[in-house]
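K.L.:
Structure, please.
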Amino acid sequence: MGALKSLAQGFLVATGLIWLSNISALYRGGDVWLASLYLLILLIPASSIMYLMLKNTKPKAARDPSEKWRNLLFSFQGVAVAFWMFDIATTFYAINVTGLAVELNPLGWPLGILGALAYYAPTLIFAYVLLFKIKESVTLYGAIPLTLITLCMGAMNLMAGAQNFQVFVDTAMLATGLRCGLLALIIMVTSSVPFALKRTVAQPKVVLS
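P.N.:
Predicted coordinates for the structure are as follows:
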């Protein structure tokens, strides 16, 4: 579970940073309405995370320093996966929705996804084995260059995704009625999620004898 938690944390942090950059791009592009919608959507997970962080006030037990570094290195695998997913989502919009872009990968679209998957899947498994199964000092050091290479691959996906998102900035259009409806829905969800979490966390746990 520690490995999965580290992977999820890296993925969520990278996704949040991507979302903030998208909001900035929309504001710079002049679509204040859509940028505001994106900002309100971001408040849903942000408010939930803040609530859970404030709720969890129990002191944490001291951990082995090497375990901390293993979790940190593995979280960067989640960062790279988030960059890759951003590239996939924006490529779908640029090619399938607008028809203004083409896939440069020789495999074409959507088979071009397999090219990155052929790297990320084995690398993720190999990093997990090095960091959490073998647990030797040499494997910890060996995971460092592997992580750096993965981040370089993820950075290329991030750059491609940013270029594709610019297509979204230039072409995205929503009717006024739809914008207002989405705004009301997002505000309602943003307001209700913390209350739902409060009820869930406050429920007493059933102990089986």
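K.L.:
Give the other helices and strands that the longest helix along the chain contacts.
P.N.:
Longest helix in the chain, counting residues (DSSP state H): helix 137-171. Judged by 3 or more Cβ pairs under 8 Å, 6 or more residues apart in numbering; DSSP states H and E, helix 137-171 is in contact with helix 2-28, helix 65-92, helix 113-128. Every C-beta, even on glycine, is put in place using the N, C-alpha and C of the backbone.
K.L.:
taking the mean pLDDT, what do you get for the first one?
P.N.:
Per-residue pLDDT values over helix 2-28 give a mean of 86.
K.L.:
Between helix 137-171 and it, find me the angle.
P.N.:
30 degrees (axes from the mean of the first three to the mean of the last three Cα atoms, to 10 degrees).
K.L.:
Could you check the angle helix 2-28 makes with helix 65-92?
P.N.:
Using the same axes, to 10 degrees: helix 2-28 against helix 65-92 is 40 degrees.
K.L.:
Buried residues, helix 2-28. List them.
P.N.:
Residues 3, 6-7, 9-12, 14-15, 18-19, 22-23, 25-27 are the ones in helix 2-28 that count as buried (16 or more other Cβ atoms under 10 Å).
K.L.:
do the longest one as well
P.N.:
Applying a neighbour-count criterion of 16+ other Cβ under 10 Å, the buried positions in helix 65-92 are 70-71, 73-88, 90-91.
K.L.:
Out of the helices and strands packed on helix 137-171, flag the one nearest Lys135.
P.N.:
Evaluated with Cβ to Cβ, the helices and strands packed on helix 137-171 place helix 65-92 nearest to Lys135, the distance being 7.7 Å.
K.L.:
What helices and strands are in contact with the closest one?
P.N.:
Applying 3+ Cβ pairs under 8 Å, 6+ apart, we find helix 65-92 packed against helix 2-28, helix 113-128, helix 137-171.
K.L.:
Just put those helices in TSV and tack on distance to Leu37.
P.N.:
Converted to TSV, these look like this (distance: least, Cβ to Cβ, whole Å):
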stretch	distance to Leu37
helix 2-28	9
helix 113-128	28
helix 137-171	13
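K.L.:
of all those, which lies closest to Ala46?
P.N.:
With Cβ to Cβ, the closest approach to Ala46 among those belongs to helix 2-28: 7.5 Å.
K.L.:
And the closest one, what does it pack against?
P.N.:
Counting contacts by 3+ Cβ pairs under 8 Å, 6+ apart, helix 2-28 is packed against helix 32-55, helix 65-92, helix 137-171.
K.L.:
What part of the protein, helix or strand, is modelled with the least confidence?
P.N.:
Lowest by mean pLDDT, DSSP states H and E among the helices and strands of the chain is helix 176-202, with a mean of 61.
K.L.:
right, and Thr98 touches Val169 too?
P.N.:
No - between Thr98 and Val169 there is no contact under Cβ atoms under 8 Å: 11.6 Å.
K.L.:
Settle it for me: which of the two has more neighbours?
P.N.:
Taking neighbours as other Cβ atoms under 10 Å, Thr98 and Val169 compare with Val169 leading, 17 against 14.
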